[in-house]
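Engineer: Would you be able to build a 3D model of this:
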Amino acid sequence: MATIDLDKVLDKAWVEKSLPEILTAPVAALKGVSDRDGELLDEAFGVKTVADLAQLKYVRWAQALAALDATAK
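Structural biologist: Modelled structure (predicted):
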């Protein structure tokens with residue numbers, strides 16, 4: 001089972017929320033992502049929520065390339 005330290009990846013206001021709430025939260029709920037960053041992600045890619053960001057094909061492609069690089073070492 002995968003785990004994650006929510007204190008490290010979410011703004012304080014979102015740490016105690018349920019996973020469904022977090023996934024439907026604006027991307028600014030992620031630590032280090034500002035409201036302006038969220039606006040730019042929406043303008044560029046139509047990303048409005050944490051779930052949208054996770055499903056963004058460019059993110060998936062980048063993760064796949066990084067995983068290939070990690071297995072090559």
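Engineer: dump the residue contacts of Gly46.
Structural biologist: By CB atoms under 8 Å, 6 or more residues apart in numbering, the contact set of Gly46 is Asp52. In this view, the C-beta of every residue, glycine as well, is placed from N, C-alpha and C.
Engineer: Could you give the average pLDDT over the longest helix belonging to the chain?
Structural biologist: Criterion DSSP state H: the longest helix present in the chain is helix 57-72. Taken as a whole, helix 57-72 carries a mean pLDDT of 92.
Engineer: Now find how far off-centre it is within its chain.
Structural biologist: Centroid displacement of helix 57-72 relative to its chain, using CA atoms, centre = their mean, to the nearest Å, is 15 Å.
Engineer: and for it, what are the contacting residues?
Structural biologist: 45, 53.
Engineer: quick one: low-confidence ranges for the chain?
Structural biologist: 73 (pLDDT under 70).
Engineer: which residues in it form helices?
Structural biologist: All helices of the chain, identified by DSSP H, fall at 6-9, 19-23, 35-45, 50-55, 57-72.
Engineer: Dump those helices into a markdown table; add distance to Ala29 and mean neighbour count as well.
Structural biologist: A markdown table is the format used below for the helices of the chain (distance: least, CB to CB, whole Å; neighbours: other CB atoms under 10 Å):
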| stretch | distance to Ala29 | mean neighbour count |
| --- | --- | --- |
| helix 6-9 | 9 | 12 |
| helix 19-23 | 6 | 13 |
| helix 35-45 | 9 | 13 |
| helix 50-55 | 6 | 16 |
| helix 57-72 | 16 | 10 |
